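1. Coordinates for the following, if possible.
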Amino acid sequence: MLNRETFLSYATIAITTKKVAASGFPMLLTIHLLLLFAIYFNSKTMTNRQTGFLSDRYIRSFAEEGMIAPFEYDKIRKIRFISRELLRIDAPAISFGCSSYGYDLRLAPHDFRIFHHVPGLIVNPKAFDDRCLVSTEFHIDEFGQYFILPAHTYALGVTLERLKLPSNITALFIGKSTYARCGIIVNTTPGEAGWEGFLTLEISNSSGADCRIYANEGIAQALFMEGSVCDSPYGEGKYQDQGNAVTLARI
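-> Got it, this is the predicted structure:
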């Protein structure tokens, strides 16, 4: 199927060929010149066409239309926060913000829940009992603000950013390599076209050591892919418009 630009270029060729032929200019030479024009025109069109993963310039453009909020235009590697002693501290950060072909999302500081064993309780995805989840203590020191995820445990958190995916954009949320090298695995999650809300994060400590999980710093990377507008966007799905707190399993 021809795109709009290609159709217009061929229409121009047809009209121009008819006019030039009427003027007596050699038809064969006319066709050759106009075909060269068409090849050049379409090569420029395809060069400027966005395909595959969205680059930083397109992510910034969509963010200005509300796809990510709050939004950092560049990758941030340092943070400033207030200690419990009310001291202003500058510290290195696990990076967040816009990168070359993705956006690093932050972990919100207000809701982080760890699974724990409750005698007699079996987790049922179809009828989730939140007694198996406990909120954990929020810590602050010279390195930053953080939660502690014990060895071989699993937690739910939520992003600081709210996302609003257009009907022609789908996303893939993956873990950051800095955490992966510490044994922390963030579940790979798709973001369907048309979905919006705060993303609930599933975080596993697969190592044999307790690990810090820093709040207000990078926790997962979002990759965005553009396609044609879909017929069935997420719409009224069960996880649509999630609030800025952990959303539990539902059907």
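2. Okay, buried residues for stretch 108-127 please.
-> 108-109, 111-114 (16 or more other C-beta atoms under 10 Å). (Each C-beta comes from the backbone N, C-alpha and C, glycine too.)
3. Looking at these, which one is closest to residue 168?
-> residue 108 (27.8 Å; C-beta to C-beta).
4. That closest one and residue 81: what is the separation?
-> As judged by C-beta to C-beta, to the nearest Å, residue 108 and residue 81 stand 14 Å apart.
5. cool, and residue 182?
-> Distance, residue 182 to residue 81, by C-beta to C-beta: 21 Å.
6. before we move on, the earlier item: which ones among the buried residues of stretch 108-127 lie within strands?
-> Members of the buried residues of stretch 108-127 lying in strands (criterion: DSSP state E): 113-114.
7. So what would you say the end-to-end distance of stretch 169-185 is?
-> With C-alpha to C-alpha, to the nearest Å as the measure, stretch 169-185 spans 25 Å from end to end.
8. so how far is it off the chain centroid?
-> Centroid displacement of stretch 169-185 relative to its chain, using C-alpha atoms, centre = their mean, to the nearest Å, is 11 Å.
9. Surely residue 105 touches residue 173?
-> Yes. Here residue 105 reaches residue 173: they are 7.4 Å apart, a contact under C-beta atoms under 8 Å.
10. For residue 162, pull up the helix or strand it's in.
-> If you go by DSSP states H and E, residue 162 is part of strand 154-164.
11. Just checking: what are the partner strands of the next helix or strand after that strand?
-> Counting by DSSP H and E, the element after strand 154-164 in chain order, helix or strand, is strand 169-175. Using DSSP bridges, the strands paired with strand 169-175 in its sheet are strand 189-191 (antiparallel), strand 218-226 (antiparallel).
12. so how far is the longest one from its chain's centroid?
-> Strand 218-226 sits 3 Å away from the centroid of its parent chain (C-alpha atoms, centre = their mean).
13. now stretch 213-225
-> 9 Å.
14. Let's see it as CSV, backbone CA atoms only.
-> Presented in CSV, the C-alpha positions along stretch 213-225 are these (Å, rounded to 0.1, in the frame of the first residue of the first chain):
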residue,chain,number,x,y,z
ILE,A,213,16.4,-0.9,46.3
TYR,A,214,16.7,2.8,45.9
ALA,A,215,13.6,5.0,45.7
ASN,A,216,13.5,8.1,43.5
GLU,A,217,16.2,6.5,41.3
GLY,A,218,16.1,4.3,38.2
ILE,A,219,14.5,0.9,38.5
ALA,A,220,13.4,-0.2,35.0
GLN,A,221,13.8,0.9,31.4
ALA,A,222,10.9,1.5,29.1
LEU,A,223,11.4,0.8,25.4
PHE,A,224,8.7,2.3,23.0
MET,A,225,7.7,0.9,19.6
